[in-house]
Every structure is written in structure tokens, then in C-alpha cells.
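> Sequence and computational prediction follow.
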Amino acid sequence: MEKQNPYEAFQKESPEVFEGFNGLVESLMNTKALDQKTKQLIYLGIKVAQGDQTAVMFHVPMAKKLGATRDEIKETILLTLTVCGLKGVNTCLAQALDIYDNDLQNPILY
């Protein structure tokens, strides 16, 4: 059975809620105080602290495209140690670095 992209499933199954959610995301990404790379790194850290491997699959390539280095990805994930202990590091670090190192762009195939 082929894995379904969760973001696409959300859009397909509930387009009106997806549209509202996507509008919220766009409005947050269009604020001006932080640059886009910094926003992606912050978001990645929050999601890693929650152990959200799906978000890692999406946000590591986005952060890399915006100029984030491998070390910035790694440090972002390591910072979650003070928030949630080993959970984020154990569930997401190897995956994130693999995605970064191998330019994996299609999270559904990971």
C-alpha cells in the first residue's frame, strides 16, 4: 500500500478547513521580523520537540532550500534536548540529517 502525503490528504478530505489553515500559515510566513530560514528552523525545532517526523520530512528540505546548513539543522534539533530530553533527538536527528545529506525532496517516499 502506497503512503499518502498527509498534507494532500488533508487538502482532499477537508478543502475548506485546509484553505483556512493554509491562510493562517501564509499569514505567519509573511510577517517581517524574522527571515524565512529562521522561521523554518524555529518551526523545525518545535515539531522535533513534539517528535513529529512527518514535519521533519517537509521542513528540512524547505530550510535547506532557504540556505540552512547541515550544522544549523543539527543544532536546531539538539536544542530540543532542553525542552523534551532525548525524544526529539532520538526520533528525528538521524532522519533529518539523512534528508539533508541526500537531498530527499519527496517526503512521502522517505
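Happy to help now that I have it.
> Would you list the phi and psi of residue 34?
Backbone torsions for residue 34, taken as degrees, to the nearest 10, come to phi -110, psi 140.
> pretty sure it is touching residue 43, no?
No - checked against CB atoms under 8 Å, the pair residue 34 and residue 43 is beyond contact range at 10.5 Å. No exception for glycine: its C-beta is placed from N, CA and C like everyone else's.
> Who has more neighbours out of these two?
The neighbour count for residue 34 versus residue 43, taken as other CB atoms under 10 Å, is higher for residue 43 (19 against 12).
> Just after the host helix or strand of the more buried one, pick out the following helix or strand.
For residue 43, the element it lies in under DSSP states H and E is helix 36-49. Remark: after helix 36-49, the chain's next helix or strand is helix 53-65, criterion DSSP H and E.
> That following helix: how far from the chain's middle?
Put simply, helix 53-65 sits 4 Å off its chain's centre (CA atoms, centre = their mean, to the nearest Å).
> which other helices and strands contact it?
helix 36-49, helix 70-78, helix 94-101 (3 or more CB pairs under 8 Å, 6 or more residues apart in numbering; DSSP states H and E).
> Need the contact partners of it.
If you take CB atoms under 8 Å, 6 or more residues apart in numbering as the criterion, helix 53-65 is touched by 6-7, 37, 40-41, 43-44, 47-48, 72-73, 91-92, 95-96, 99-100, 103-105, 107, 110.
> of the residues you listed, buried ones?
37, 40-41, 43-44, 47-48, 72-73, 91-92, 95-96, 99-100, 107 (16 or more other CB atoms under 10 Å).
> Which of these sits closest to residue 66?
When those are compared for distance to residue 66 (CB to CB), residue 37 wins out at 4.0 Å.
> That'll do, ta.
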